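Novice: Here is the input, now give the coordinates:
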Amino acid sequence: MDLNSDLGEGFGAWTMGDDEAMLDIVTSANVACGFHAGDASVMRRVCERAAERGVTIGAHVGYRDLAGFGRRALDIAPEDLADEVLYQIGALDAFARAAHSCVRYVKAHGALYNTAAVDPEQAAALVEGVRRYHTDLALLCPPDSEMLRAAQAAGVPAYAEAFADRAYTPEGRLVSRKLPGAVLHDADEVAARALTMANTGEVVDVEGNKLTLRADSLCVHGDTPGAVELARRIRELLTESGVVLRSFG
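Specialist: Predicted structure coming up:
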């Protein structure tokens with residue numbers, strides 16, 4: 001099982017999360033590319049640290065929305081979106097290669113992730129940006145989503161992920177962050193959910209029913225309060241239970 005986190009989301013003098021600590025825990029790092037968060041220096045530092053630790057680097061692409069942290073949906077033409085995805089991948093890959101590594105996968109952020117999960121046009125545009133950069137570049141996306149189907153149709157490798165620290169609707173979508181209980185903070189609860197996901201592919205939704213997700217990777221958000229403790233507890237429990245942690249990339 002892969003363990004991933006959204007990192008490199010600081011900007012200038014503003015810091016978000018503890019990238020250094022998280023890179024000692026995760027196997028894959030989704031690094032912000034400057035559109036929703038991150039800047040050139042942050043991207044360089046995170047790529048260098050990830051390369052030093054053997055952590056797989058992924059491009060965490062989003063809408064061009066620094067003020068809204070990429071969590072506001074934008075009405076953007078598909079061709080423009082494909083170009084902006086390609087731009088972000090290229091920018092991060094330059095820093096990854098300077099650190100003697102490379103970008104091996106792409107994951108959408110925030111509003112782009114949620115929109116492309118259900119919107120075939122946005123999903124196709126996202127995948128086209130990935131495909132234009134390299135056909136071997138993988139896409140990390142929700143299971144049973146428009147993103148997954150678009151990637152399969154375009155011949156782009158796709159891997160499904162689940163969120164250990166987020167609540168799910170009965171339809172298998174993430175509960176909106178605007179609603180109470182959308183983000184989970186209890187380390188033991190989150191770790192137990194992660195172990196169940198890894199072993200059975202199942203998670204309990206907000207109505208108490210079981211969902212089957214079959215994920216290749218588990219995500220814990222780097223900006224969640226207590227993210228380091230959550231990630232550390234997940235890794236400890238998975239390892240103690242015999243789950244081998246390694247990057248899908």
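Novice: how about the strands of the chain, start to end?
Specialist: Per DSSP state E, the chain carries strands over the ranges 2-7, 28-32, 56-61, 103-108, 138-141, 158-163, 202-204, 210-212, 217-219.
Novice: Is it possible to get CSV of the ones you listed that adds mean pLDDT and distance to residue 45?
Specialist: To be clear about C-beta, it is placed using only N, CA and C from the backbone, and glycine gets the same treatment. Formatted as CSV, these follow (pLDDT from 0 to 100; distance: least, C-beta to C-beta, whole Å):
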stretch, mean pLDDT, distance to residue 45
strand 2-7, 97, 10
strand 28-32, 98, 10
strand 56-61, 98, 12
strand 103-108, 98, 16
strand 138-141, 98, 22
strand 158-163, 96, 25
strand 202-204, 93, 34
strand 210-212, 93, 37
strand 217-219, 96, 21
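Novice: I'd like those strands as CSV, with distance to residue 180 and mean neighbour count appended.
Specialist: Below are these laid out as CSV (distance: least, C-beta to C-beta, whole Å; neighbours: other C-beta atoms under 10 Å):
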stretch, distance to residue 180, mean neighbour count
strand 2-7, 22, 28
strand 28-32, 26, 28
strand 56-61, 26, 29
strand 103-108, 25, 26
strand 138-141, 27, 26
strand 158-163, 17, 22
strand 202-204, 17, 16
strand 210-212, 20, 14
strand 217-219, 21, 26
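Novice: right, and these - which one's nearest residue 117?
Specialist: Residue 117 lies closest to strand 138-141 among the strands of the chain, at 7.2 Å (C-beta to C-beta).
Novice: other SSEs contacting the closest one?
Specialist: Contacts defined by 3 or more C-beta pairs under 8 Å, 6 or more residues apart in numbering; DSSP states H and E place strand 138-141 against strand 103-108, helix 110-118, helix 120-133, helix 146-154, strand 158-163.
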